[in-house]
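# with the input below, show me the fold.
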Amino acid sequence: MHQTGDRTRRARRLRVQPTLPEDIFWEMVRGRRMLGLKFRRETPLAGYVVDFYCAALKLVIELDGGVHRLHEERDMARDERLRAAGFTVLRFQNEAFLNNPSIITSAVEALMHPSPLGGEGGRRRRSDEG
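Reported below is the predicted structural model:
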């Protein structure tokens with residue numbers, strides 16, 4: 001999908017002003033440090049700018065601060081649009097990630113190697129549910 005100049009400019013601006021959790025996660029994944037996968041940050045995708053994107057898995061990872069609790073319906077609609085475009089969306093609360101950074105690695109591994117018993121293979125909407 002062709003991206004507008006505004007979204008590209010916004011993505012570039014967000015790359016130089018990451019939140020603390022985004023900065024920490026970027027250090028975990030840059031240079032294929034996580035499971036050999038290449039991630040891009042603040043990427044225009046399907047009409048949105050996503051926090052992190054792995055093309056090999058068509059995977060979007062979102063790290064949410066407290067403000068997202070005020071916009072849950074908007075985030076759900078956004079996630080549904082991304083899923084309809086063929087992307088997997090994993091959304092994590094900043095606090096959950098900061099308390100246990102391996103939570104994301106575990107979820108990505110589950111996507112790469114789904115359980116033979118079935119289930120969602122890590123496709124839960126939020127990391128703090130369940």
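# who's the residue most central in space within the chain bridged to?
Residue closest to the mean C-alpha point of the chain, counted by C-alpha atoms, centre = their mean, is residue 61 at 0.8 Å. With DSSP bridges applied, residue 61 shows beta-bridge pairing to residue 52, residue 90.
# need the contact list for it.
For residue 61, the residues meeting the contact criterion (C-beta atoms under 8 Å, 6 or more residues apart in numbering) are 25, 39, 50, 51, 52, 53, 54, 90, 91, 92, 104, 108. No exception for glycine: its C-beta is placed from N, CA and C like everyone else's.
# any buried residues in the helix or strand containing residue 104, and which?
Here residue 104 is covered by helix 102-112, with elements defined by DSSP states H and E. Counting neighbours by 16 or more other C-beta atoms under 10 Å, one finds that the buried residues in helix 102-112 are 103, 104, 107, 108, 110, 111.
# and those as JSON lines, adding pLDDT and distance to residue 66?
Listed next are the buried residues of helix 102-112 as JSON lines, based on pLDDT from 0 to 100; distance: C-beta to C-beta, whole Å:
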{"residue": "103", "pLDDT": "97", "distance to residue 66": "18"}
{"residue": "104", "pLDDT": "97", "distance to residue 66": "19"}
{"residue": "107", "pLDDT": "97", "distance to residue 66": "21"}
{"residue": "108", "pLDDT": "97", "distance to residue 66": "24"}
{"residue": "110", "pLDDT": "95", "distance to residue 66": "26"}
{"residue": "111", "pLDDT": "95", "distance to residue 66": "26"}
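# quick one: which of these is nearest to residue 96?
The nearest member of the buried residues of helix 102-112 to residue 96, counting by C-beta to C-beta, is residue 103 at 6.0 Å.
# correct me if wrong: that closest one contacts residue 94.
No - if you go by C-beta atoms under 8 Å, residue 103 and residue 94 don't touch, sitting 11.4 Å apart.
# which element follows the worst-scoring helix or strand of the chain on mean pLDDT toward the C-terminus?
For the chain, counting by mean pLDDT, DSSP states H and E, helix 5-15 ranks last in confidence among helices and strands (a mean of 64). Using DSSP H and E, the helix or strand that follows helix 5-15 in sequence is helix 20-29.
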